[in-house]
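Colleague: sequence and predicted structure, then a few things I'm wondering about:
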Amino acid sequence: MPKKSLYRAENAVLSRLLREMRDAAGLTQAELAKAIKRRQSYISTVENGDRRLDLLQLREYCAACGVSLPTFVKRFEAAI
């Protein structure tokens, strides 16, 4: 049986890239959370790899950081 996506190596890459994207945008977790109308703890669990994002949430996260979804996906694909 395949591992759940939270426990796959690719999830660690995704979490790292999300954190790097937020840092590059000059946003704190609290600022990003406010921009996407979530709590800071939500951002923390995403960046720690403990929470999955669906496509719409990922798009919202990227937009708040000033990065297009296709650009982020290219970075992800290159990193894995």
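Modeller: That came through fine. A quick note: this is a predicted structure, and the numbers were derived from the prediction, not measured. Numbering: from 1, shown residues only.
Colleague: C-alpha only now, for contacts and for neighbours.
Modeller: Noted.
Colleague: residue 24 and residue 4, how far apart?
Modeller: Using C-alpha to C-alpha, to the nearest Å, residue 24 is found at 29 Å from residue 4.
Colleague: mind listing what's buried in stretch 57-70?
Modeller: By neighbour count with 16 or more other C-alpha atoms under 10 Å, stretch 57-70 contains the buried residues 58, 59, 60, 61, 62, 64, 65, 67, 69.
Colleague: so which bits of the longest helix belonging to the chain are buried?
Modeller: Secondary structure of the chain per DSSP state H: the longest helix is helix 9-24. Buried positions in helix 9-24, judged by neighbour count with 16+ other C-alpha under 10 Å: 11, 12, 13, 14, 15, 16, 17, 18, 19, 21, 22.
Colleague: and it, what does it pack against?
Modeller: helix 40-47, helix 69-79 (3 or more C-alpha pairs under 8 Å, 6 or more residues apart in numbering; DSSP states H and E).
Colleague: tell me the most buried of these?
Modeller: Mean neighbour count (mean count of other C-alpha atoms under 10 Å) peaks for helix 40-47 among those, with a mean of 17.
Colleague: what residues does that one touch?
Modeller: 15, 16, 18, 19, 29, 30, 32, 33, 34, 51, 52, 53 (C-alpha atoms under 8 Å, 6 or more residues apart in numbering).
Colleague: now stretch 16-26
Modeller: Applying C-alpha under 8 Å, 6+ apart, the set of residues contacting stretch 16-26 is 28, 29, 32, 47, 62, 65, 66, 67, 75, 76.
Colleague: the fifth one: which element?
Modeller: With elements taken from DSSP states H and E, the one containing residue 62 is helix 55-64.
Colleague: before we move on, back to that, can I get the helices and strands packed on helix 9-24 in a markdown table including mean pLDDT?
Modeller: Formatted as a markdown table, these follow (pLDDT from 0 to 100):
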| stretch | mean pLDDT |
| --- | --- |
| helix 40-47 | 98 |
| helix 69-79 | 98 |
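Colleague: nice, that's everything, thank you.
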